[in-house]
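# When you get a sec, could you give me coordinates for this:
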Amino acid sequence: MSSKKNHLIVITSSKPLELAMLLETAINLKKKNEEVKYIDLTTLPLKIPEFPIGDRLNSFNFKIKMKKIDKKLNALGIKKIIHKLEPHNLTKESRLQKFAKEAALNEIISLKRESNPCLNCHSKLNSDLIQVYLDTYLHLKKIISQHLISNVYIYNGRFISGNAVWNLCKYLKIDIKFLEQANMSFPDRYWLFNKPVHSPEYRAEIVNKFFKSITKIQKQNFNKISRDWYLARIGGVSQKFTAKQTEKFSNLDNNSKIISYFHSSEDELILSNLKEKSWGTQFKIINELCELVKSNPDIKLVIRIHPNLKYKSMKDIKMWNMYLNNLKRKYSNIDYLWFDSPINTYSLIKESSLIFTSGSTIGPESAFMGKSNILCGNSLYSKMEMSYKPKNPRELRKKFNLYLKHPKKMEFIQNAKKFGYFQMAGGLQYENVFVNSDATQIRYDQITLNYSKVYSVIIRFDKLILNFIDLKKRCSEC
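Now for the predicted structure:
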């Protein structure tokens, strides 16, 4: 009897980097003489177009692209599973219904870039997404059974179809691997994880294991490599946001001690499952900070809004704008920097006596810069010991003055360096698929995986149209 495992690569999206990782993994497995099959779920009539015109055009182009890929993979002995969706009735199984509703809500948050979407306004989309989840789950359940699959590979596992695959594998107790981009700044590397990387515990485990695995020679360059990662971010080289922030923060009232809060995208905290009941929303956290400083004229609280808010829903943008203006009217020692403020984020960190975050990478960055930082809630780095972590608002109130007086911890700085080293040096290199340093060229053999330029242009118009439609169809509850 053969001891080979039956591996299944599940393609749920046409996104170039996702496809590159999955193709790379399939070919690597085949090189080890494993049994490898793949299934393209984008061919099923269950894809909800994010951008109606652009996605339909891309779907047509992707079919042509996949026909070429199919031939290449078939020549390598990597078999494609030919399948056809059979209609499924909405299951009454409460467990599956619960997962489907949760996944549909998260998908709406992602599609609409909105932290608290109204399901009345998106009732049709919500029901369609629930059907997508159930169809994916039940369809793939049959496929896995028919082909005796023992291992499954997907990208990320967070989005609607991938989430259905993930929950199915957990239910069937089938081994599942998660592909992830190693670093947003370095798309030419990737990771293959045993668990979803959204778990702070697992993220810490990976970083520590990676650091232990490096050689003595590599450790000689540890400080330089780690420093290079942080300096590239601070200088706006590896991220576009700070490149546009050309003005220094100036504390006009020299007698005031600056503490700063760095806002994160609320929708991304929800999608990464980083919300904590004891802390609640960022509004609640900021309210807590405002109350802490209101009676102390020697302290000024500056709230830095993440530049990424610019790309969120109009509903979220208006909500934050109204909230912050109300704060300024209510408190005399509160100020904020809007998402398009030219004030440099890192100059604010330098001028701050204490930094607060709720999941932002500003936590490790401020630790690297030798600044004390407080993590209010959860984050992907919360188990890496780079921040003070009060358990709840009550503990924060109790320890606030201690945090203000407490010197920086060398342990935080050293762990921040490990985090930077991991970000800079970690990840697997592509061997079978070509991905250049900025992902503008992604090819398998001579097949270009990148989106067409026409698609990119059409998407811009799609976004404008969808934003207009969303604003017009808001219900009275919004």
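# Output the helix or strand containing Y133 as PDB, nothing but the C-alphas.
With elements taken from DSSP states H and E, the one containing Y133 is helix 123-146. As requested, the backbone C-alpha atoms of helix 123-146 are provided in PDB (Å, rounded to 0.1, in the frame of the first residue of the first chain):
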ATOM      1  CA  SER A 123     -29.600  41.900   3.000                       C
ATOM      2  CA  LYS A 124     -29.300  40.500  -0.600                       C
ATOM      3  CA  LEU A 125     -25.500  40.400  -0.400                       C
ATOM      4  CA  ASN A 126     -25.700  38.800   3.000                       C
ATOM      5  CA  SER A 127     -28.000  36.000   1.900                       C
ATOM      6  CA  ASP A 128     -25.900  35.400  -1.300                       C
ATOM      7  CA  LEU A 129     -22.700  35.100   0.800                       C
ATOM      8  CA  ILE A 130     -24.300  32.700   3.200                       C
ATOM      9  CA  GLN A 131     -25.300  30.600   0.100                       C
ATOM     10  CA  VAL A 132     -21.600  30.900  -1.200                       C
ATOM     11  CA  TYR A 133     -20.300  29.500   2.100                       C
ATOM     12  CA  LEU A 134     -22.800  26.600   2.300                       C
ATOM     13  CA  ASP A 135     -22.300  25.700  -1.400                       C
ATOM     14  CA  THR A 136     -18.500  25.800  -1.000                       C
ATOM     15  CA  TYR A 137     -18.600  23.700   2.200                       C
ATOM     16  CA  LEU A 138     -21.000  21.000   1.000                       C
ATOM     17  CA  HIS A 139     -19.500  20.800  -2.500                       C
ATOM     18  CA  LEU A 140     -16.000  20.400  -1.300                       C
ATOM     19  CA  LYS A 141     -17.100  17.900   1.400                       C
ATOM     20  CA  LYS A 142     -18.100  15.600  -1.500                       C
ATOM     21  CA  ILE A 143     -14.900  16.200  -3.400                       C
ATOM     22  CA  ILE A 144     -12.700  15.400  -0.400                       C
ATOM     23  CA  SER A 145     -14.600  12.200   0.200                       C
ATOM     24  CA  GLN A 146     -14.500  11.100  -3.400                       C
END
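# list the buried ones in that helix?
Within helix 123-146, the residues that qualify as buried by neighbour count (16 or more other Cβ atoms under 10 Å) are 125-126, 128-140, 143-144. Where you see a C-beta, it was placed from the backbone N, CA and C, and this is true even at glycine.
# So which residues of the stretch 101-250 of the chain form helices?
123-146, 160-172, 200-213, 216-220, 222-234, 240-243 (DSSP state H, counting those that start in this stretch).
# same question, the stretch 251-400 of the chain
Listed in chain order, the helices of the stretch 251-400 of the chain (DSSP H, counting those that start in this stretch) span 266-271, 282-293, 314-330, 345-351, 362-368, 393-405.
# Let me know the average pLDDT across the shortest one.
Across helix 266-271, the average pLDDT comes to 90.
# Show me what it is packed up against.
Helix 266-271 is packed against helix 94-112, with contacts defined by 3 or more Cβ pairs under 8 Å, 6 or more residues apart in numbering; DSSP states H and E.
# for the fourth one, same thing?
Other elements packing on helix 345-351 under the criterion 3+ Cβ pairs under 8 Å, 6+ apart are helix 240-243, strand 257-262, strand 299-304, helix 362-368.
# now what about it, what contacts it?
Outside of helix 345-351, the residues that reach it under the criterion Cβ atoms under 8 Å, 6 or more residues apart in numbering are 234, 241-242, 245, 247-251, 258, 260, 262, 302, 304, 337, 355, 362, 365-366, 369, 371.
# go again using 10 Å as the cut-off
The contact list for helix 345-351 (Cβ atoms under 10 Å, 6 or more residues apart in numbering) reads 230, 233-236, 239, 241-242, 245, 247-251, 257-258, 260, 262, 302, 304, 306-307, 337, 341, 344, 355, 360, 362, 365-366, 368-371, 373.
# Please indicate which of the residues you listed are buried?
Using 16+ other Cβ under 10 Å as the threshold, 230, 233-234, 236, 239, 242, 245, 249, 257-258, 260, 262, 302, 304, 306-307, 337, 341, 344, 355, 360, 362, 365-366, 368-369, 371, 373 are the buried ones among these.
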